[in-house]
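Undergrad: What would the 3D arrangement of this be:
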Amino acid sequence: MDLDATVSSPLLDRDGLAGKWAEQDATGRPRKGGRHNRDKHETDNIEDSIFGVVLCGVRTPSNVGAIMRLCSCFGTADLLHLHYASNDDTNRKYWGQSQISQELESCSVGTKKRFEYEGTPFQSIQVSKFVPYLASVDRPPIVVLEAVAGSTSIYDFQFPERCKIMVGSEHKGVSKEILKGLRKGLDAVVFVPMTGPHHSMNVASAMSVALYEYRRQWRGPSD
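TA: The predicted structure is shown next:
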């Protein structure tokens, strides 16, 4: 059973967020030297690379493994996982289960080792602990892939060169707290238009569309 995210249409209005991203002009800007100009926080070790991916509540190992493979194919520098578990130890135990670990390894096709972090498959923190990061002065723009009212078609969206692409789970989508913490003029929410009779896309498939479109606009160093 696929427990994870889909990107759906028609657009949904999540808690009156319609129009918040109606006129986005998110742009990347060169990172200034040093860490963020903010107090020490658990999120201080979040990588602020040119191009990264964030998974919000995605738990199906086949999806996470497939996204790891995509990240390696399209040259993303980092992968951050946000979880809803009661604590980090509970989350770590879930990913440490033999069956989960084996499926993740299999679906990542050997790319998992690129993202290993302190003995875990990837860097992972609680969703609630990520929210303060949104207020960081010099963080990269976040591009959320979600079909909500006011979001922009990926056909019409110019990706900032420096950004993090975020997707959420089917059950909760991207956290409401994160959506509310996005900054107009910096962050953006985009959706993948679907013209067929089925309006729901698997999270890894949706991420592949976003990563392809990013690389179409910003080609890698080997191109």
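
Undergrad: in this structure, which helix or strand is least confident?
TA: The least trusted helix or strand in the chain, going by mean pLDDT, DSSP states H and E, turns out to be strand 6-8, with a mean of 50.

Undergrad: State the paired neighbours of the very next helix or strand once past it in the sheet, together with their directions.
TA: Remark: after strand 6-8, the chain's next helix or strand is strand 51-56, criterion DSSP states H and E. With DSSP bridges as the test, strand 51-56 is paired with strand 78-83 (parallel), strand 163-168 (parallel).

Undergrad: C-terminal to strand 51-56, what's the next element?
TA: helix 61-74.

Undergrad: list the helices and strands that following helix packs on?
TA: strand 51-56, strand 78-83, helix 98-108, helix 203-217 (3 or more C-beta pairs under 8 Å, 6 or more residues apart in numbering; DSSP states H and E). Heads up, the C-betas are built off the backbone N, CA and C, glycines and all.

Undergrad: ok, 7 Å please
TA: strand 51-56, helix 98-108, helix 203-217 (3 or more C-beta pairs under 7 Å, 6 or more residues apart in numbering; DSSP states H and E).

Undergrad: Just give me how far it sits from the chain centre.
TA: How far helix 61-74 lies from its chain's middle: 12 Å, per C-alpha atoms, centre = their mean, to the nearest Å.

Undergrad: Name the residues of it that are buried.
TA: 61-72, 74 (16 or more other C-beta atoms under 10 Å).

Undergrad: Please apply the same query to stretch 81-100.
TA: 81-85, 91-92, 95, 100.

Undergrad: Stretch 154-161 too?
TA: Applying 16+ other C-beta under 10 Å to stretch 154-161 flags 154, 157, 159-161 as buried.

Undergrad: What of stretch 175-192?
TA: For stretch 175-192, by 16+ other C-beta under 10 Å, it's 175, 178-179, 181-182, 186-192.

Undergrad: Over to stretch 112-125?
TA: 112, 114-115, 121-125.

Undergrad: Lowest-confidence entry in those?
TA: Scanning the buried residues of stretch 112-125 for pLDDT, the low point is residue 121. It has 85.

Undergrad: I figured that residue hits residue 114, correct?
TA: No - taking contacts as C-beta atoms under 7 Å, residue 121 lies outside contact range of residue 114: 10.5 Å.

Undergrad: dump the residue contacts of the spatially most central residue of the chain.
TA: Taking C-alpha atoms, centre = their mean, the centroid of the chain lies closest to residue 166, which sits 2.0 Å from it. Shown in contact with residue 166 (C-beta atoms under 7 Å, 6 or more residues apart in numbering): 54, 56, 142-145, 174.
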